[in-house]
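here is my input; please provide its structure:
(2 chains)
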Amino acid sequence: MSDVLAINKPPVTYDPLDPAITSNPYPHYAQLRSEAPVHWLETMQGYAVSRWDDVTAVLKDGKTYSSSQFWPALLGEYDPVPEVAPMISLDPPGHMRIRKLANSAFVPSRVGALQGKIVSVANELIDAIFEKHGESGEFDFVWEFSALFPVSVVADVIGVDLAKRVDFKHWVDDLLSAGNRAAYGPERLAEIDRSSKAIRAYFEDIYDQRLAEPRDDLISGFILAEVNGERLTRSEVLNLAILLLIGGVETTTNLLGITFAHFKRNPDALAAVREDPARIPTVLEEVLRFDGPVQMLFRHTMCDTELAGTTIPKGSLVLPLLGSANHDERKFEESERFRWDRNPKEIMSFGQGPHFCLGSFLSRMEARAALQILLERFEELLPISDEVQWMDSYFARGPKTLPVRFKAR
Amino acid sequence: MSGTEHRAGSLAALEAGEPVLTEIAGVEVALFLCEGEVVATQGQCPHAEGPLHEGEVEKCVLTCPWHGWTFDLKTGLCGEDDSIILQRFPARVDGDDVLVTL
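Purely as a prediction, here's the structure:
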């Protein structure tokens, strides 16, 4: 009987290394949830976990599902600081001790103090767009706004140089695409390698500068901080700073790009926030649920275990699919529909458990403020095409480029 | 509103440093010792649901093991965010029994 069923089942189509699939992974996730909720992916050599409850179970149980191999699994030989594990790859209690150092800059009271900075950065970027392109026309939303906005907000906080903000975007895009390294040829791999070395060289310089002359920024704080009576090593500081740059910049950039891509596809959502900007947080929560900037995470089993009836041996790579959990029909009504007024109570987009996103307050605040200011200052701002060119990554999701047509107010 | 008193755990276990988490009427309750006094709090961290009973307590400050957020066990105040309060429940000791009112 089971053999007959197995023969009749269509093969699982999800393959993270196929760009045609990652450009719209959701139908493939749906098949996984329905037919193979814990599924061995040959190309990734790991188990994809696709249902809300199972993803939650994996992320909350750090003892069984360790984060220790996260960075090596994602970046492989392109990890800019391979000699130490970054915060995202640490398990408790080591993770918590490092995280406490970074917490101080991201707690709501500190983030709230950035509100003025957020408003001025958004306005300055829009001023520059009007100066360059006039009162109406076309520009690239990713490269002239969304990629520059979060890094400009957090540059002073982390302690990096604003002049390099376009370089950061290139470096980080390349680093994140290292996840697809198995599918790339030598030229693309050489680019990724150059970016990995460039980002390290940049942070080595900053380290030396802050060591000589500490400032009121996170990198100086990391250099001076003591964890259990010991200073962080140079490599640990470099690693933490690079992680915060990636986490603090790429995700919010992508959230803003994804939001406008969905405004094009869902004019009712745009009309709703134009009519009443107080709806912005509600719409953003649905964007985060429906098409979030982080699609999956990486865990490794510390012992033999079982999940949704599937045995997972010790030492296996496990891929909790956040993007799939957010579409789980067991959790959300009409889960495959974008409903701007859904107001989901829970979303998986910032993860769960010990590694729940450190920057969720900041990211939400940045995205809300940016959206409000963009709507105030643009009478029209919409992608030209319905088709979006997505980044080369199964891990991070966002438009690689987003040409928009605009009219100033 | 007056609640009902429930046995939540053993004082000896608490004094031996064992993490104590129990469920009373569907509510998770964690127990701690703070300057010799028993303190009962919600079991999950109000920040992001971390398991508070596994946290470290130093000078009556509880640190959540997941994200390192800190709470004053005497007041429930959070060191990282003024808007978050750790819920505390009345607790007393009777022999070896820790009794919590919910």
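
now the strands: where do they sit in the chain?
You didn't pick a chain, so chain A it is. In chain A, the strands defined using DSSP state E lie at A:38-41, A:46-49, A:65-66, A:136-140, A:226-227, A:230-231, A:299-301, A:305-307, A:310-312, A:317-320, A:378-383, A:389-390, A:399-401, A:403-408.

hmm, no, I was thinking of chain B.
B:5-10, B:20-24, B:27-34, B:37-42, B:56-58, B:61-63, B:70-72, B:88-89, B:91-94, B:97-101.

find the nearest non-adjacent residue to A:Asp54, please.
Distances taken as C-beta to C-beta, 6 or more residues apart in numbering or on different chains put A:Ala308 closest to A:Asp54, at 5.2 Å, once the chain neighbours are dropped. For the C-beta atoms, the positions are set from N, CA and C on the backbone; glycine is no exception.

sorry, back to before: quick one: closest of the strands of chain B to A:His28.
Among these, the nearest to A:His28 by C-beta to C-beta is strand B:27-34 (37.1 Å).

what residues sit buried inside the closest one?
For strand B:27-34, burial by neighbour count (16 or more other C-beta atoms under 10 Å in any protein chain shown) applies to B:Glu28, B:Val29, B:Ala30, B:Leu31, B:Phe32, B:Leu33.

could I have that strand exported to CSV, CA atoms only?
Provided in CSV are the C-alpha atoms of strand B:27-34 (Å, rounded to 0.1, in the frame of the first residue of the first chain):
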residue,chain,number,x,y,z
VAL,B,27,0.6,28.9,33.9
GLU,B,28,4.4,28.2,33.9
VAL,B,29,6.0,29.4,37.1
ALA,B,30,9.7,29.6,37.9
LEU,B,31,11.2,29.8,41.4
PHE,B,32,14.3,31.6,42.5
LEU,B,33,16.1,32.5,45.7
CYS,B,34,16.9,36.1,46.2
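
now that strand: mean pLDDT?
The average pLDDT for strand B:27-34 rounds to 96.

ok, that strand near chain A or not?
No: under the criterion of C-beta under 8 Å from any C-beta of the partner chain, chain A is not reached by strand B:27-34; the shortest gap measures 13.7 Å.

does anything pack onto that strand? Which helices or strands?
strand B:5-10, helix B:11-15, strand B:20-24, strand B:37-42, strand B:56-58, strand B:97-101 (3 or more C-beta pairs under 8 Å, 6 or more residues apart in numbering or on different chains; DSSP states H and E).

who are the contact partners of A:Leu255?
Residues near A:Leu255 by C-beta atoms under 8 Å, 6 or more residues apart in numbering or on different chains: A:Leu284, A:Val287, A:Leu288, A:Gly292, A:Pro293, A:Ser363, A:Ala367, A:Gly398.

residues in contact with the closest residue to the second one other than its chain neighbours?
By that I understand A:Val287. Leaving aside its sequence neighbours, A:Val287 sits nearest to A:Thr259 (C-beta to C-beta, 6+ apart; 4.9 Å). A:Thr259 sits next to A:Val283, A:Leu284, A:Val287, A:Ala367, A:Leu371 when contact means C-beta under 8 Å, 6+ apart.

show me the shaky parts of chain B.
Residues of chain B meeting the criterion pLDDT under 70: B:1-2.

spell out which residues of it are next to chain A.
Counting by C-beta under 8 Å from any C-beta, chain B comes close to chain A at B:48, B:50, B:63-69, B:80-83.

picking up where we left off before, closest one to A:Lys197 among the strands of chain B?
strand B:61-63 (37.7 Å).

contacts for that closest one next, please.
A:96, A:100, B:32, B:41, B:52, B:55-57, B:69-73, B:79, B:86.
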